Structure formats: structure tokens, C-alpha cells
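K.L.:
got a sequence here, can you build the structure:
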Amino acid sequence: MNKFKIEKGISRINRVKLQATIEESIAADLALLGEWSNNDKNYIVNELLRFALSQDSEFQAYKESVGSSRPEPRSSATSSSVQPRAVSAGKAEPSTKESGSGPRV
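P.N.:
The predicted structure follows:
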């Protein structure tokens with residue numbers, strides 16, 4: 001299993017709004033991790049989910065099989081496009097920058 005790593009002070013990226021409810025203890029840990037790493041909760045949640053999804057080999061195989069049969073989504077000026085990126089052991093670099101008015105998790 002790979003080691004999970006939160007980069008400190010990383011740039012923000014464009015996001016799509018997703019609302020969810022989480023356990024209070026998890027929310028407290030997210031807040032503490034955000035304080036420790038100097039990152040917002042959006043970034044932390046994205047990295048946690050990216051890491052978790054990358055660890056499931058069955059999901060990755062499924063993703064590859066559907067990805068080859070689906071056309072690439074077109075991006076437009078009015079909607080934000082989400083670009084997946086590979087998880088690596090080194091420093092993660094964001095694909096795009098986020099505007100300052102993004103949603104909070």
C-alpha cells in the first residue's frame with residue numbers, strides 16, 4: 001500500500017460542488033489536518049478521495065474499461081472541467097488554479 005501524503009501550502013484547483021454529511025469526528029480531523037498542513041478542507045478531501053480511489057485495483061480496472069468506451073467530455077467556458085491526475089509518491093502538482101470563491105466542504 002502506498003503512503004498517503006498531504007502537501008503543505010499547495011495551490012488550489014478548480015472543483016465541482018459535492019455536498020455530503022460526514023461524522024463529527026472526521027470533520028474535526030479534517031479541520032485539524034487543514035490547520036497542520038495549511039490547506040483548505042476542499043484540497044484535503046480531494047486528496048483523501050484521490051488516494052482511496054487509486055488504491056482499489058478493481059475500481060481502477062473498471063474505470064479503464066469504461067474510459068475507453070466513453071467519449072471525452074467537452075469543456076466549455078461556462079462550466080468547469082475536472083481533469084483527473086495520477087497519484088504519485090512525489091509532490092503533487094495541481095492541474096489548474098481555483099478561484100477564491102469556491103465552495104467549502
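K.L.:
where in the chain is pLDDT low?
P.N.:
Within the chain, the stretches with pLDDT under 70 are 1, 9-15, 70-105.
K.L.:
again, only this time at 90
P.N.:
1-18, 40, 42-43, 46, 67-105 (pLDDT under 90).
K.L.:
what about the helices in the chain?
P.N.:
For the chain, the helices defined by DSSP state H occupy 24-37, 41-55, 57-69.
K.L.:
what residues does the last one touch?
P.N.:
When contacts are taken as CB atoms under 8 Å, 6 or more residues apart in numbering, the neighbours of helix 57-69 outside the stretch itself are Leu53, Ser54. In this view, the C-beta of every residue, glycine as well, is placed from N, C-alpha and C.
K.L.:
with just CA atoms, put it into PDB.
P.N.:
The C-alpha trace of helix 57-69 is given here as PDB (Å, rounded to 0.1, in the frame of the first residue of the first chain):
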ATOM      1  CA  SER A  57      -7.500  -2.100  -8.200                       C
ATOM      2  CA  GLU A  58     -10.900  -3.400  -9.200                       C
ATOM      3  CA  PHE A  59     -12.200   0.100  -9.500                       C
ATOM      4  CA  GLN A  60      -9.200   1.200 -11.500                       C
ATOM      5  CA  ALA A  61      -9.800  -1.700 -13.900                       C
ATOM      6  CA  TYR A  62     -13.400  -0.800 -14.200                       C
ATOM      7  CA  LYS A  63     -12.500   2.900 -14.800                       C
ATOM      8  CA  GLU A  64     -10.100   1.900 -17.600                       C
ATOM      9  CA  SER A  65     -12.700  -0.300 -19.200                       C
ATOM     10  CA  VAL A  66     -15.400   2.400 -19.200                       C
ATOM     11  CA  GLY A  67     -12.900   5.200 -20.000                       C
ATOM     12  CA  SER A  68     -12.000   3.500 -23.300                       C
ATOM     13  CA  SER A  69     -15.700   3.200 -24.400                       C
END
